[in-house]
Each structure stands twice: as C-alpha cells, then as structure tokens.
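Visitor: Show me the folded form of this:
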Amino acid sequence: MRQRNVRSAPTREAAMKLKLDLHDIYNRGRDIDSALQDIINEAVRTRAPLVEIIPGKGSGQLKKHVLRFLERKDIKALYHRVEKDSKNFGRVFVHFRWK
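Guide: Model prediction:
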C-alpha cells in the first residue's frame with residue numbers, strides 16, 4: 001500500500017504588513033486622523049505585526065502629527081512600539097505584538 005504525503009494546513013496566517021501613504025492628504029487634518037485610525041483598526045482586526053506609515057520628508061510637521069496621534073492614550077494601548085526609520089526620515093513603523 002502506498003502512503004501519501006499529507007501536509008498539515010498552516011496554523012497561522014502569513015505575516016502581513018499594512019502600509020499607509022499620507023502624501024495625498026497631507027493638508028487635511030481630519031482626513032489624516034481618520035486614515036490613521038482606520039489603519040490602526042485594520043491592524044488590530046487582522047492582527048498584522050507591522051504598519052508602515054509614510055508621512056514623507058517635507059518640513060516634518062506631518063510626521064509630528066502622526067507621532068502625536070500615536071502617543072494618544074487610547075491608541076498607545078493598541079500597539080507594542082513605534083520605530084522611526086533611521087535611514088529614511090519620512091517613514092514610521094508601528095509594531096504590534098500578538099499573543
């Protein structure tokens with residue numbers, strides 16, 4: 001009798017990175033906050049390990065806005081840590097830890 005190779009189904013979904021580019025809405029504060037809230041909610045819903053936010057280089061005001069948003073108490077409780085890209089000033093990584 002011939003045996004078949006049976007593969008077990010993967011137990012975890014493939015790790016996915018979410019990405020948010022804020023170039024198009026850089027001058028609309030409410031749209032920025034809404035987009036940031038949506039991407040954080042999506043990361044929590046899908047249990048994504050990483051969110052990449054691209055505020056762009058510019059004067060740094062948009063990046064400051066993003067960092068202030070991420071420092072809010074209700075938002076900070078959702079993620080593990082924030083990493084500012086040392087090689088690219090215009091990128092911020094938000095890391096999540098799921099148990």
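
Visitor: C-terminal to the lengthiest helix in the chain, what's the next element?
Guide: The longest helix of the chain (DSSP state H) is helix 29-46. As assigned by DSSP states H and E, the chain's next helix or strand after helix 29-46 is strand 50-54.

Visitor: returning to that earlier point: what does the longest helix of the chain rub up against?
Guide: The set of residues external to helix 29-46 that reach it, using C-beta atoms under 8 Å, 6 or more residues apart in numbering, is 16, 18, 20, 22, 25-26, 48, 51, 53, 62, 65-66, 69-70, 75, 78-79, 94, 96. The C-beta positions use only the backbone N, C-alpha and C, and glycine is treated the same way.

Visitor: Torsion angles phi and psi at residue 89?
Guide: As for residue 89, its main-chain torsions (degrees, to the nearest 10) stand at phi -60, psi -30.

Visitor: ok, it - contacts?
Guide: By C-beta under 8 Å, 6+ apart, the contact list for residue 89 reads 57, 60, 63.

Visitor: Can you give me the neighbour number for the last one?
Guide: Neighbours of residue 63 under the rule other C-beta atoms under 10 Å: 21.

Visitor: correct me, but it touches residue 54?
Guide: No: counting by C-beta atoms under 8 Å, residue 63 stays clear of residue 54, with 9.6 Å between them.
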